[in-house]
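[1] Turn this into a model:
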Amino acid sequence: MATQQLTIPMFPLNMVLLPGETKTLHIFEERYKQLVSDCLINEAHFGIPFLHQASMGDYGIEVKINNVIKKYENGEMDISIEGVRVFKLVEFSKVLPPKLYGAGVIQYEEEIFEKPSHVLQELTKEYMWISQQNTIPVDAFDHSNVYGIARLLDLSSLEKYELLKLNTALKKEDYLKPKIKLFIHLIKTETELKSKFVLN
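    The predicted model follows:
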């Protein structure tokens, strides 16, 4: 059975959102003011393919507009967006006349519904404990998935992109585990150095 493809408006950015992650964007270019206006009128979503070092990535995230935070007299806007679903970019058109903005043919990646493994949950709890000095409720991950864990970490856009490209929950977990262990190690090392500095 062939994977269904569809065309959605595109807003390439040097930024990656994870499903469920929110971000504020300032819209100032004419083409993207038009894109946002069209999406608001049609209650439509748009795609953000990852633009890295002037190269378009093969994967991106479909986003929805949660709300318009502010409108300026010159038509610029501040909007709140939220990542919805990961897609693979099949084809990209920089401009799709008569519109000013571009569009892309996409196919959705498999959605991740599985809860994080016990090992990943425990690593994340340790990381959150030593980084924020607070506990996480036992049921914090009951309705989460691997992306819920990833949103808690300070990942770069490139790291998020690498995570999006992996096609199973298990591969995504295997990608995150060593990163969390490294974060924990770095925080513990920094804490030890600080305590030695204070003692001296």
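
[2] where does K115 fall, helix, sheet strand or coil?
    Assigned by DSSP: H, G, I helix; E, B strand; the rest coil, the conformation of K115 is coil.

[3] Need the residues that contact the helix or strand hosting I149.
    Applying DSSP states H and E as the criterion places I149 in helix 146-150. Residues from elsewhere that reach helix 146-150 (C-beta atoms under 8 Å, 6 or more residues apart in numbering): 18-21, 112, 114, 116, 120-121, 124, 141, 160, 163, 169, 172-173, 176. In short, each C-beta sits where N, CA and C put it, glycine included.

[4] Let me see the domain layout of the protein.
    Listed domain ranges for the chain are 6-108, 118-199 (source: automatic domain parsing).

[5] most packed of those?
    Comparing the domains of the chain by mean neighbour count (mean count of other C-beta atoms under 10 Å), domain 6-108 comes out on top with a mean of 16.

[6] where along the protein do the strands fall?
    6-10, 22-27, 46-52, 55-71, 77-93, 102-108 (DSSP state E).

[7] Columns mean pLDDT on top of those, output as JSON lines?
    Shown next, in JSON lines, are the strands of the chain (pLDDT from 0 to 100):
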{"stretch": "strand 6-10", "mean pLDDT": "96"}
{"stretch": "strand 22-27", "mean pLDDT": "97"}
{"stretch": "strand 46-52", "mean pLDDT": "96"}
{"stretch": "strand 55-71", "mean pLDDT": "96"}
{"stretch": "strand 77-93", "mean pLDDT": "97"}
{"stretch": "strand 102-108", "mean pLDDT": "96"}
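
[8] for those strands, which one sits closest to L35?
    Closest to L35 of the strands of the chain is strand 6-10 (C-beta to C-beta; 5.1 Å).

[9] what angle separates the closest one from strand 46-52?
    70 degrees (axes from the mean of the first three to the mean of the last three C-alpha atoms, to 10 degrees).

[10] what does strand 6-10 contact?
    35, 38-39, 44-49, 60, 62, 92, 96, 99, 101-107.

[11] Same question for stretch 88-95.
    5, 10, 31, 47, 49, 56-60, 101-109.

[12] And stretch 58-70, by the same measure?
    8, 10, 16-19, 22, 24, 36, 39-40, 45-50, 77-89, 104, 106, 108-109, 161, 164-165.
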